[in-house]
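Trainee: Structure here, sequence nowhere to be found:
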């Protein structure tokens, strides 16, 4: 979203109702195991207010911020930068 972090892992969310479908796709293609992709089975609330970036649906800024804070480490700094950017954007609209 901001290019502050280098992507070493890709996280994507799936709706709990699509769990079996994704399991089937991944096991048929032999994609289960170690790697740099993490699949998160989440409540549908993470899909609220998503945006589209380069043809991909991206979680909302608040959800992304929470996820970065939970990840810790350098992600915490990225979350703080994201919050500052959003605050500046909000203040400039007034």
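Mentor: Looks like it came in fine. None of the values given here were measured: they were computed from a predicted structure.
Trainee: tell me what the host helix or strand of residue 66 is packed against?
Mentor: Assessed by DSSP states H and E, residue 66 sits inside helix 61-71. For helix 61-71, the packing partners by 3 or more CB pairs under 8 Å, 6 or more residues apart in numbering; DSSP states H and E come out as helix 74-92. Bear in mind the C-beta positions are built from the backbone N, C-alpha and C, glycine included.
Trainee: Run through the neighbouring helices and strands of the helix it packs on.
Mentor: helix 61-71.
Trainee: Report the buried residues of the helix it packs on.
Mentor: Neighbour-count burial for helix 61-71 flags 61, 63, 64, 65, 67, 68 (criterion: 16 or more other CB atoms under 10 Å).
Trainee: which residues are contacting that helix?
Mentor: 1, 11, 46, 48, 58-59, 75-76, 78-79, 82-83, 86 (CB atoms under 8 Å, 6 or more residues apart in numbering).
Trainee: ok, 7 Å please
Mentor: 1, 46, 75, 76, 78, 79, 82, 83, 86 (CB atoms under 7 Å, 6 or more residues apart in numbering).
Trainee: Quick one: mean pLDDT over it.
Mentor: The average pLDDT for helix 61-71 rounds to 87.
Trainee: I'm done for today, thanks for sticking with me.
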